[in-house]
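1. Sequence and computational prediction follow.
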Amino acid sequence: MNKTKISIIIPAYNEEKSIGNVINSLPEVYDKLVVVNNGSNDSTEIIAKQNGAIVLFEKKRGYGNACLRGIEFLKKSPPDIVVFIDGDFSDYPQEIIQLIRPIEEKKVDFVVGSRVKSLRKKGSLTLQQIFGNKLACFLLKILYKSKFTDLGPFRAIKWNTLLDLNMIDKTYGWTVEMQLKVLRKKIPYAEVPVSYRNRIGKSKISGTLKGTLFAGIKIISWIIKYYFKK
């Protein structure tokens, strides 16, 4: 039986204190590990390279821009499954095994790591994050009959399915865009409960009022706009 080719994409912006921890906690299940340096002005790139990652540079800021850069690179030698995980060490990289299992077993094409309350460290999600996440998932349920409970960035998806989604969002709407398109296209999906802890360093989104508001508006607008899109 041929081994499933797994590629991991880690968008990273000023994550020098955490990126080494993320890389060294990954289980050895991947074929390629790609860190996308999204315009960092610290030692993120150096540390990622020292720990064996392929490092790409994307000067245009934005979570989506970083993910799209990683995807473009992988087109040269496509994997079977792509895993996205943040570079702040808030997720538990070893749980990638649980994340990819439903796809490897051909049960679904897409899996989201759901940051359930019982597996979250106290304070790892801010009140505004919890509220915004619940509101977004409620809207997905009402408008799209979704069963998603989280918009968490820790996720896995079949390569061909990912390409078929034709992702375009360049900033904070990346995660919800993916889930919306999965729902619209009726792609089989699942959620897997994952652990979550306080990130290392300050969040670029929830750590500022501007970031929180912009992310919330972007996510809600994606949900509403896509509902009325023909």
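-> Received it, and whenever you're ready, just let me know what you need.
2. Would you mind checking which helix or strand in this protein has the lowest mean pLDDT?
-> In the chain, no helix or strand scores lower on mean pLDDT, DSSP states H and E than helix 209-228, which sits at a mean of 79.
3. Which secondary structure elements does that one sit against?
-> In this structure, helix 209-228 makes packing contacts with helix 127-144, helix 174-184, judged by 3 or more C-beta pairs under 8 Å, 6 or more residues apart in numbering; DSSP states H and E. C-beta coordinates here come from the backbone N, C-alpha and C atoms, glycine included.
4. Comparing those, which yields the minimum mean pLDDT?
-> When mean pLDDT is averaged over each of the helices and strands packed on helix 209-228, helix 127-144 scores lowest at a mean of 92.
5. Between helix 209-228 and it, find me the angle.
-> Using axes from the mean of the first three to the mean of the last three C-alpha atoms, to 10 degrees, the interaxial angle of helix 127-144 with respect to helix 209-228 works out to 0 degrees.
6. three-state assignment of the spatially most central residue of the chain?
-> Central residue check for the chain by C-alpha atoms, centre = their mean: the C-alpha nearest the mean position is that of P153, 2.8 Å away. Under the three-state scheme (DSSP: H, G, I helix; E, B strand; the rest coil), P153 adopts coil.
7. isn't it right next to D88, touching?
-> No. With contact taken as C-beta atoms under 8 Å, P153 and D88 are classed as non-touching, separated by 9.8 Å.
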